[in-house]
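Colleague: Test case, fold it:
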Amino acid sequence: MNSNFNPELYANKIALGPMVRAGRTPLRMLALEYGADLVYTEEIVDEKLLKTKRVVNELLGCVDYTIDNNIELRVAKEEAQKCILQIGTNSAEKAVKICKKFGQDVAAIDVNMGCPKPFSTHQGMGAALLAQPEKVKEILTSMVANSQVPVSCKIRVLNEREKTLEFAKMIQSCGVSAIGVHGRRKDERPSNTNRIDEIRDVSNSLSIPVLAKYVSFVLMSFAL
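Modeller: As a prediction, the model looks like this:
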C-alpha cells in the first residue's frame with residue numbers, strides 16, 4: 001500500500017466543499033470554527049499553481065503562493081492539517097509537480113473531475129475527464145506514486161448507474177484515499193435532482209470513504 005494512503009482523514013467527516021471565488025482562507029477558517037472537519041480550497045488550475053512562488057508569511061502565520069505579488073493560494077497554519085487543495089488538471093506530469101510543490105503545506109490534494117463549466121471542460125479538465133478513464137487512471141496513479149499526502153478526486157454520476165460504479169471502482173484501484181461524488185450528471189445543474197441513492201450505491205461498492213455532495217454544497221462522508 002502506498003505510504004500516503006489515509007482514508008481515515010476523510011471517513012465520517014463533514015467538509016466544506018470547493019467553491020470557486022469563495023473557498024479561500026477566511027471562509028475555510030470560519031467553516032472550521034463552526035464545525036467542519038475538512039475544508040477544500042477553490043479549484044485552482046494546474047498551470048497557475050505551477051507558476052506561483054512559495055512565501056512564508058511569518059507575520060500572519062501562513063504560507064502564501066503568489067504570482068507577481070498576487071496571492072493565488074494562502075494556507076493558514078491553523079488549517080494546514082485539514083485543508084485539501086483541489087486542482088484542475090488533465091496532465092499527469094503537471095499533477096505530479098503540484099504534489100511535490102504543495103504537499104508540505106496541505107493535508108491532501110484533490111482532482112476536480114466534476115466541473116461542467118466550459119472554461120474547465122474545453123481544456124480537457126473537470127467533467128471532461130469522466131469520458132477519459134485511461135487519462136484519469138494515469139493522473140491518479142502518478143499522483144499517488146509521487147505525493148507525500150493523500151490523493152482524492154471528485155466526480156459526477158454518469159448516465160448509467162453501472163457505469164458510475166465501474167468508474168468509481170477504477171478510481172479506487174488507483175490508490176486514492178477517498179472519492180467525492182456529485183449526484184448530478186455532467187449536463188445537469190442545481191435545479192435537477194441530486195441522486196443521493198446513486199451516491200449511496202457508490203459508497204456501498206467501495207472500501208474507501210465516499211464524500212457526498214449535498215444541495216447545501218456541504219460534503220459529508222457516508223458511513224461505510
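Colleague: end to end, how far does stretch 36-49 reach?
Modeller: Stretch 36-49 has an end-to-end distance of 25 Å (C-alpha to C-alpha, to the nearest Å).
Colleague: gap between it and the chain center?
Modeller: 7 Å (C-alpha atoms, centre = their mean, to the nearest Å).
Colleague: Then stretch 145-164?
Modeller: Centroid separation between stretch 145-164 and its chain, computed with C-alpha atoms, centre = their mean, is 9 Å.
Colleague: which parts of it are buried?
Modeller: 146-147, 149-158, 164 (16 or more other C-beta atoms under 10 Å). (Each C-beta comes from the backbone N, C-alpha and C, glycine too.)
Colleague: give me the low-pLDDT residue ranges for the protein?
Modeller: 1, 214-224 (pLDDT under 70).
Colleague: Give me the most central residue, it.
Modeller: Nearest residue to the geometric centre of the chain (C-alpha atoms, centre = their mean): D110, 2.8 Å.
Colleague: and for the strand or helix carrying it, what are the contacting residues?
Modeller: Following DSSP states H and E, one finds D110 within strand 108-113. Residues from elsewhere that reach strand 108-113 (C-beta atoms under 8 Å, 6 or more residues apart in numbering): 6, 9-10, 18, 40, 43, 84-89, 95, 98-99, 102-103, 120, 125-127, 129-130, 136, 139-140, 143, 147, 149-156, 177, 180.
Colleague: which of those residues are buried?
Modeller: 6, 9-10, 18, 40, 43, 84-89, 95, 98-99, 102-103, 120, 125-127, 129-130, 136, 139-140, 143, 147, 149-156, 177, 180.
Colleague: partner residues bridging the residue nearest to the centre of the chain?
Modeller: Counting by DSSP bridges, D110 is bridged to Q86, S152.
Colleague: Pull the contacting residues for the closest residue to P133 other than its chain neighbours.
Modeller: Computed as C-beta to C-beta, 6 or more residues apart in numbering, the closest residue to P133 that is not its neighbour in sequence is M170, at 5.9 Å. Shown here is M170, whose contacts under the criterion C-beta under 8 Å, 6+ apart are P133, V136, K137.
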